[in-house]
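Peer 1: sequence? don't have it. structure:
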C-alpha cells in the first residue's frame, strides 16, 4: 500500500495538436506580426523567447542564428521553410526594421498573450511550447528521424529530452500507419 502511495509520477504527457488545428490557428491569425511569431514556433520549433530576440542580422535566407540560446552555447542555427523566410524578409522591409533592431519588439508576456489569443480563436487553451511540441511531433509522424528532430529542429543535447516531447500515438493513428505500411 505504501509503495502505491509514494510511487513517482509517470512521465508528463502533454496534449499534441494536430496539423489541421495548427494550420487553422495560423491561417485565422490576421495580424502579420502575430502570424509570423506563430509560424516560427510551429514550423521552426522555436521557443517564444528565441523568436522575440530575433533581429534582421540573425537572418541568412532560410537560416536563423540564435544568439545566447537556452543551451548555453554561443549560438545555434534554426532552419525555416522558404515561404516563412520570404514573409519574414517582406515584413522586415515593410516595417523598416534596422539590422540591429528586434523584429518583434514585444515583451515575453505579450508574446504569450499573442499565442493564447490565437488558441482562443479556435476554442483551445494554447501555450507557446505547445507549438514547439507540435513541430517535433509532426516531424516525427512525417517520418523524420528522431536524431534530426532532436539535434536540428529542437536543438536538444540528448535524445531522451526529445522523446518526452513526442506525443503518444492514438489507436486510430497506429492503424493508419499499419495500413500505410502493409495495406
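Peer 2: Perfect, I can see it now. From a predicted model like this one, the values you see are computed outputs, not experimental measurements.
Peer 1: And the helices in the protein, which stretches?
Peer 2: Secondary structure of the chain, counting by DSSP state H: helices at 2-5, 19-27, 32-44, 48-53, 82-95, 108-121, 128-141, 146-148, 159-165, 171-182.
Peer 1: quick one: which of those is nearest residue 62?
Peer 2: helix 82-95 (4.6 Å; Cβ to Cβ). Where you see a C-beta, it was placed from the backbone N, CA and C, and this is true even at glycine.
Peer 1: quick revisit: least reliable of the helices of the chain going by mean pLDDT?
Peer 2: Here the lowest mean pLDDT among the helices of the chain goes to helix 2-5, at a mean of 64.
Peer 1: So for the protein, the centremost residue is which one?
Peer 2: Centroid check for the chain by Cα atoms, centre = their mean gives residue 132 as the closest residue, at 2.5 Å.
Peer 1: Report the contact partners of the closest residue to that residue other than its chain neighbours.
Peer 2: Among residues not flanking residue 132 along the chain, residue 45 sits closest, at 5.5 Å (Cβ to Cβ, 6 or more residues apart in numbering). Residue 45 is in contact with 78, 132, 135, 136, 139, 153, 154, 155, counting by Cβ atoms under 8 Å, 6 or more residues apart in numbering.
Peer 1: redo that, cut-off 10 Å
Peer 2: Contact analysis of residue 45 by Cβ atoms under 10 Å, 6 or more residues apart in numbering lists 78-80, 131-136, 138-139, 149, 152-155, 165.
Peer 1: cool, and residue 83?
Peer 2: By Cβ under 10 Å, 6+ apart, the contact set of residue 83 is 39, 43, 62.
Peer 1: likewise residue 146?
Peer 2: Going by Cβ under 10 Å, 6+ apart, residue 146 touches 136, 139, 140, 159, 162, 163, 166.
Peer 1: just residue 55 next, same as before
Peer 2: Neighbouring residues of residue 55 by Cβ under 10 Å, 6+ apart: 65, 67, 92, 97, 98, 99, 100, 101, 102, 103, 104.
Peer 1: and it, what pLDDT?
Peer 2: Residue 55 is assigned a pLDDT of 97 by the prediction.
Peer 1: Dihedrals phi and psi, residue 72?
Peer 2: When read as degrees, to the nearest 10, the backbone of residue 72 gives phi 90, psi -10.
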